[in-house]
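**Student:** Sequence and predicted model, in that order:
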Amino acid sequence: MAVAETLPAPQASAGRGGLFAFGNSRALGAVMLLAPAVLFFVVVFVIPVGLMIRYSFYQQTSTGDLTSAATLANYVRLGSVDLYRTVVMTTLRVSLWTTFIAMLLAYPLALVMVRGHPLVGRALTVIVLAPLLINVVVRTYAWRVILANGENGVLNWTLAHFGLGPVRLLYTEWAIIIGSVHVFLPMMVLPLSAALGKINPAVEEAAATLGASSFAVFRRVTLPLSVPGLAVGATLVFSLTASSFVTPALLGGNFAKMLGTLVEEQILVVFDWPFGAAIATLLTIIVMVVNLASVWLIERRFPSRAAEAG
Amino acid sequence: MHEGGLGKGAILLYSVTGVITFFLLVPLLFPIALSFSDTPFVVFPPKGFTLQWYWKVINEPDFTTPFMFSVQLGVFAAIGALLIGTPTAMGLTRYSFPGRGVVQGLVLSPLVFPMLVTGIALLRLFTSINSNSSLTNLVIGHTLVTVPYVIRTVSASLLLIDPSTEDAARTLGANTWMTFWRVTRPQIVPGLFAGGIFAFVTSFDNYSISMWLADAEHFPMPMAMFALISRMFDPGIAAIASLMILMSIVIVVVLERLTGLQRAMSV
């Protein structure tokens, strides 16, 4: 979504009165239609986020009031206390692994969806999309059943049948990574298949005719041309994993904490609003940096596509 | 490589895809398998066969109350999202004006902004202005994050209409509202419908906003399920998960029939 998230340009031609022109004033028509949404978004989105960021620069007194002077103390605490630094590093590590594994799994799926037999492609599309409509808590519960430590876990039961195991996965970073890949894989497959669908098959055929092996065609032609889709997918998966709560809470527990579980604890259990606001602001910065990096990468390498999307 | 085909790697590619599909689907079968187990605890492999857990959970207020609350919340959020999103989609598709990109970026931003943070910001706002009605707060929060879906589906529908039908109605003397109600609205019904369903489903499944704004009397389904996971050890929890999966399958089929799943969810 991130980068592809733009609507097509308006189709009303210049000079023609728009549908909802009030009198002859086109501008008034647009204002009347858009004002409610803009007002709503400013009041319940822009202002609250500003309020929250402001909170992160203050400290809380024992009575719950804010101290008068702005300070960076909350951010210093986040970066200097070992416990919190570990949480930041875990968040980045889990999100990177999830993104990387999702890329590896999404590629064959997207290729078959776009290039495979039409019936297979259609079935696969439904299989990839359908889980998106199943609640995250339910999907994560399924992974708890599978990864459960001890002989009741499906995985350990299966391994025991082959004389292997047991493995201890639940409440580790790898449990979060496995669960996150399962939950967010569709977000990688969708933009990737869109990008693969845009590649002109003639380009690949030309490469093959000129003597490139199948693998060379993939590595030198298909893969580079699919980078915009990969970048959008990677941005989405990374952002969603980094800011998730349910998956780390149910699969990582207290043993593998991420920023999502830490911020919940600080605001809803400890009631330390300023520190919680600082964690939330850091999370926002991480996600925004990844988004901007992805836009920059696509615009630099694919100026034409970027123009098309914008 | 023949046209549109997968070339020499086809067999390998199909097998790898098969394994990944297995990884996507099979985990969802385990809760269903466990929900029929005739044991007092969730065990694998399941033993015996019983439907008692389904009977138990549909008579369990810890399940039914949040379920009904989530349905109510989802309907309110969908109505709110349609009311705000439909005029916005028209403004963005029918007019070209300076700042259009900014407005569009603003109304679609909840899709890219970390939702967990959106929830924290909303809690900050509602605490600051002493807004204690949990239901109102939840409806506002859910409307905010579902509006972009309505804007997308309605915009897609609007772009399929020939604007000259609207011009014709206006030339023949219809006013703005009549043009919308008699000409535009009938043509964008699929978009409105898909947008409404999407808003409902997104609200019904939402956790990241609800976790900050809910209270004990206004407790949506996903949070109830989360709480039950650490409290309920009998296969009833698997039965709840199975019912939720069943509900999602019904929605998938409805969406696929209505608009085609891929078009409805196009990224």
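**Tutor:** Received it, and whenever you're ready, just let me know what you need.
**Student:** In the stretch 1-150 of chain B, where is pLDDT below threshold?
**Tutor:** For the stretch 1-150 of chain B, the stretches with pLDDT under 70 are B:1-8.
**Student:** Output the residue of the stretch 201-310 of chain A whose distance to chain B is smallest.
**Tutor:** A:Ser243 (3.6 Å; C-beta to the nearest C-beta). Every residue, glycine included, has its C-beta placed from N, CA and C.
**Student:** Next one, pLDDT for that residue please.
**Tutor:** Predicted confidence (pLDDT) for A:Ser243: 95.
**Student:** Any chance of the backbone angles for it?
**Tutor:** The phi/psi pair for A:Ser243 (degrees, to the nearest 10) reads phi -100, psi 20.
**Student:** same check, this time on B:Pro235
**Tutor:** phi -60, psi 0.
**Student:** Can you name the residues in contact with the helix or strand that A:Met52 is a member of?
**Tutor:** Using DSSP states H and E, A:Met52 sits in helix A:47-55. Under the contact criterion C-beta atoms under 8 Å, 6 or more residues apart in numbering or on different chains, helix A:47-55 has outside partners A:66, A:273-274, A:277, A:280-281, A:284, B:113, B:117-118, B:120-122, B:124-125, B:128.
**Student:** still on that earlier bit, what about the residue of the stretch 201-310 of chain A closest to chain B, how many neighbours?
**Tutor:** 25 (other C-beta atoms under 10 Å in any protein chain shown).
**Student:** which of the contacts of helix A:47-55 has the most neighbours?
**Tutor:** B:Ile120 (31 neighbours).
**Student:** how near is that one to B:Glu256?
**Tutor:** Distance, B:Ile120 to B:Glu256, using C-beta to C-beta, to the nearest Å: 36 Å.
**Student:** And for B:Val107?
**Tutor:** 28 Å.
**Student:** higher neighbour count, the two?
**Tutor:** B:Val107 (26 against 18).
**Student:** quick one, what contacts the more buried one?
**Tutor:** A:37-38, A:41, B:88, B:92, B:147-148, B:151.
**Student:** Can you mark which positions in the helix of greatest length in chain B are buried?
**Tutor:** The single longest helix within chain B, with elements called by DSSP state H, is helix B:61-94. For helix B:61-94, burial by neighbour count (16 or more other C-beta atoms under 10 Å in any protein chain shown) applies to B:62-63, B:66-67, B:69-70, B:73-78, B:80-94.
**Student:** So for stretch B:258-267, mean pLDDT?
**Tutor:** Averaged across stretch B:258-267, pLDDT comes to 60.
**Student:** got it, and stretch B:162-172?
**Tutor:** On average, stretch B:162-172 scores 87.
**Student:** got it, and stretch A:217-229?
**Tutor:** On average, stretch A:217-229 scores 89.
**Student:** for stretch A:183-190, same thing?
**Tutor:** Mean pLDDT, stretch A:183-190: 93.
**Student:** now what about it, what contacts it?
**Tutor:** By C-beta under 8 Å, 6+ apart, stretch A:183-190 touches A:1, A:98-99, A:102-103, A:105-106, A:109-110, A:113, A:128-129, A:131-132, A:136, A:139-140, A:233-234, A:236-237, A:240-241, A:244, A:247, B:24, B:265-267.
**Student:** quick one: stretch B:226-242 near chain A?
**Tutor:** Yes - applying C-beta under 8 Å from any C-beta of the partner chain, one finds that stretch B:226-242 is in contact with chain A at B:226, B:229, B:237-238, B:241.
**Student:** Can you classify the residue most central in space within chain B as helix, strand or coil?
**Tutor:** The centroid of chain B falls nearest to B:Thr202 when counting by C-alpha atoms, centre = their mean (2.2 Å). With DSSP: H, G, I helix; E, B strand; the rest coil as the basis, B:Thr202 sits in helix.
**Student:** Give me the neighbour count for the nearest residue to it once chain neighbours are set aside.
**Tutor:** With C-beta to C-beta, 6 or more residues apart in numbering or on different chains as the measure, B:Thr146 is the residue that lies nearest to B:Thr202, at 4.9 Å, once sequence neighbours are left out. Neighbours of B:Thr146 under the rule other C-beta under 10 Å: 29.
**Student:** And A:Asn254, by the same measure?
**Tutor:** 9.
**Student:** what do you get for A:Ser239?
**Tutor:** With other C-beta under 10 Å as criterion, A:Ser239 counts 27.
**Student:** For residue 149, give me its contacts.
**Tutor:** Since no chain was named, I'll use chain A. A:156, A:166, A:168-171.
**Student:** ah, I was thinking of chain B
**Tutor:** By C-beta under 8 Å, 6+ apart, the neighbours of B:Tyr149 are B:81, B:85, B:195, B:198-199, B:202.
**Student:** What sits closest to it if chain neighbours are left out?
**Tutor:** Counting by C-beta to C-beta, 6+ apart, B:Tyr149 lies nearest to B:Phe198, which is 4.2 Å off, once chain neighbours are set aside.
**Student:** roughly how far apart are the residue nearest to B:Thr202 and chain A?
**Tutor:** Counting by C-beta to the nearest C-beta, to the nearest Å, the gap from B:Thr146 to chain A is 12 Å.
**Student:** helix or strand for that residue, which one?
**Tutor:** helix B:134-160.
**Student:** What's the local residue count around residue 220?
**Tutor:** This is for chain A. Neighbour tally, A:Arg220, other C-beta under 10 Å: 14.
**Student:** That was the other one, I meant chain B.
**Tutor:** 27.
**Student:** pretty sure it contacts B:Leu138?
**Tutor:** Yes - the pair B:Pro220 / B:Leu138 is scored as a contact, 7.4 Å apart, by C-beta atoms under 8 Å.
**Student:** Next, show the common contact partners of these two.
**Tutor:** Joint contacts of B:Pro220 and B:Leu138 (C-beta under 8 Å, 6+ apart) are B:73, B:210, B:214.
**Student:** And for the second one, the neighbour number?
**Tutor:** It refers to B:Ser210. 24.
**Student:** and if you look at the one 5 residues further on?
**Tutor:** Other residues within reach of B:Asp215 by the criterion other C-beta under 10 Å amount to 12.
**Student:** My read is that it contacts B:Ser134, right?
**Tutor:** Yes - here B:Asp215 lies in contact with B:Ser134, judged by C-beta under 8 Å, at a distance of 4.5 Å.
**Student:** State the pLDDT value of A:Arg168.
**Tutor:** In this model, A:Arg168 carries a pLDDT of 88.
**Student:** Tell me the secondary structure at it.
**Tutor:** coil.
**Student:** Grab the nearest non-local neighbour of it.
**Tutor:** Counting by C-beta to C-beta, 6+ apart, the residue nearest A:Arg168 is A:Asn149, at 5.2 Å.
**Student:** can you check A:Gly150 too?
**Tutor:** The nearest residue in space to A:Gly150 (C-beta to C-beta, 6+ apart) is A:Asn156, at 6.7 Å.
**Student:** so who does the one you found touch?
**Tutor:** A:148-150, A:165-167.
**Student:** Need phi/psi at it.
**Tutor:** Here A:Asn156 shows phi and psi, under degrees, to the nearest 10, equal to phi -70, psi -30.
**Student:** now swap in the one 3 residues further on and tell me
**Tutor:** For A:Leu159, the backbone dihedrals (degrees, to the nearest 10) come out as phi -60, psi -40.
**Student:** Could you check how many residues crowd around it?
**Tutor:** The number of residues near A:Leu159, taken as other C-beta under 10 Å, comes to 14.
**Student:** now swap in B:Pro222 and tell me
**Tutor:** Using other C-beta under 10 Å: B:Pro222 sits among 24 other residues.
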